[in-house]
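A.B. asks: structure for the following, please:
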Amino acid sequence: LLSPSSIFQMDTTQESYLDLFPLDAIVYLTPDSENVLEDIDPNKVYILGGLVDESIHKKLTLQRAQEQSLQTARLPIREYMVKTANTKNYHSETLAINQVFDVLSTYYETRSWPAALKAGVSSGKGYVLPDAVK
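C.D. replies: Residues are numbered from 1 along each chain as shown. Sure thing, here's the model as predicted:
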């Protein structure tokens, strides 16, 4: 990853990430993983948004990663944020691709999970940083 202020280069390909990178270098990010992403390893390839779908299919990305024998990790939302009381009693750790990218790029730049999560996790997800609780 590069910092948000950097210029990004993007290539598209029909090839699968499974064919492009060694399996042990791939980390599939899924909110259902038991593994917490503690730091970004520049030698790893992180898969963001394994699904582009408007509906959430519980554990589908985790299942896909396990079928492909890939390492998995989840963002440390539970470790750094707290659930907020809201009228819908709604709490979700599932983020859109751009939100995950914002979290990772902010973390890469600041090395601060609270700053990164604040940048990418909207209050509409039902989570806030502890100092935001009134």
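A.B. asks: let me see the contact set for the one residue sitting closest to the centre of the chain.
C.D. replies: Among the residues of the chain, the one closest to the centroid is V100, at 4.3 Å (CA atoms, centre = their mean). Counting by CB atoms under 8 Å, 6 or more residues apart in numbering, V100 touches 29, 48-49, 75, 120. Every residue, glycine included, has its C-beta placed from N, CA and C.
A.B. asks: of those residues, buried ones?
C.D. replies: Listed as buried from those are 29, 75, 120; burial here means 16 or more other CB atoms under 10 Å.
A.B. asks: export those as CSV, with columns for pLDDT and secondary structure.
C.D. replies: Shown next, in CSV, are the buried ones among the contacts of V100 (pLDDT from 0 to 100; DSSP: H, G, I helix; E, B strand; the rest coil):
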residue, pLDDT, secondary structure
L29, 94, strand
L75, 97, coil
G120, 93, helix
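A.B. asks: nearest to K58 among the residues you listed?
C.D. replies: L29 (15.7 Å; CB to CB).
A.B. asks: how near is the closest one to S122?
C.D. replies: Relative to S122, L29 is positioned 18 Å away (criterion: CB to CB, to the nearest Å).
A.B. asks: ok, now T61?
C.D. replies: In this view, T61 and S122 are 20 Å apart by CB to CB.
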